[in-house]
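> turn this into a model:
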Amino acid sequence: MGSLSAEAGNDEIVSFDSEELILVDQADGEIGHLTKSACHDGDGVLHRAFSLFIFNTDGELLLQQRSAQKRLWPLYWSNSCCSHPRHGEIMSQAVERRLFQELGMRCKPSFLYKFIYHAKFADRGAEHEYCSVYLGTSEDEVRPNVHEIADWRYIPPDALDRELRDKPQSFTPWLKMEWQRIRSEFQHMLENL
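Next up, the predicted model:
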């Protein structure tokens with residue numbers, strides 16, 4: 001498990017309910033903008049997002065446990081980094097910005113695929129995202145943002161498969177969907193890390 005002292009990590013506030021996200025249609029065409037809070041209200045409004053899976057040179061995946069302060073899926077384990085491009089920001093900029101803001105890491109991610117998903121979290125709101133999925137490697141030291149991340153750890157792919165089978169309720173819905181597709185369609189990329 002990781003160490004989350006403010007001195008070792010980052011305590012900058014990097015996420016705001018008022019930030020404007022990019023609304024999209026079913027073909028990922030931009031159709032407008034809406035605050036992050038409003039995008040996640042009720043059943044959610046379809047908006048652009050990304051998920052990033054970072055591996056070390058031992059082939060282990062970096063997982064993060066979402067902060068207890070998160071509105072949706074607090075304290076659930078998830079992939080290395082996930083967020084949204086902001087109004088006026090291209091996806092590659094958003095991925096690299098957020099990776100550094102959340103984990104203090106840098107990498108040049110490779111795009112894998114994109115898909116639409118919808119997941120409701122009790123009465124707190126929902127994710128309704130057109131999500132681009134990326135894969136990357138980094139040996140940078142993990143310096144987690146204490147406002148975004150409760151804990152972190154590296155895990156071998158086979159161990160994650162077992163945990164997802166044995167304790168699926170501990171993980172975010174998007175991680176489960178994305179990991180299943182990565183394992184079935186992009187295994188060759190994992191083997192070449």
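> pLDDT score assigned to residue 1?
Looking at residue 1, its pLDDT reads 57.
> again, but for residue 50
Turning to residue 50, the model gives it a pLDDT of 98.
> how about the helix or strand harbouring it, which residues are buried there?
Per DSSP states H and E: residue 50 is located in strand 47-55. Within strand 47-55, the residues scored as buried using 16 or more other C-beta atoms under 10 Å are 47-55. Just so you know, the C-beta spots here come from the backbone N, C-alpha and C atoms, and that holds for glycine as well.
> for it, packing partners?
Strand 47-55 is packed against strand 20-24, strand 61-66, strand 81-83, helix 91-103, strand 125-137, helix 173-185, with contacts defined by 3 or more C-beta pairs under 8 Å, 6 or more residues apart in numbering; DSSP states H and E.
> so how far is the third one from its chain's centroid?
So that's strand 81-83. Averaged C-alpha coordinates place strand 81-83 at 3 Å from its chain's average position (C-alpha atoms, centre = their mean, to the nearest Å).
> the first one now?
The gap between the average C-alpha position of strand 20-24 and the chain average comes to 17 Å, counting by C-alpha atoms, centre = their mean.
> tell me what angle the strand holding residue 50 forms with strand 20-24.
Taking axes from the mean of the first three to the mean of the last three C-alpha atoms, to 10 degrees, one finds that strand 47-55 is oriented at 100 degrees with respect to strand 20-24.
> quick revisit: can you say which of the helices and strands packed on strand 47-55 is packed in most?
The densest packing among the helices and strands packed on strand 47-55, expressed as mean neighbour count by mean count of other C-beta atoms under 10 Å, is seen in strand 81-83 with a mean of 24.
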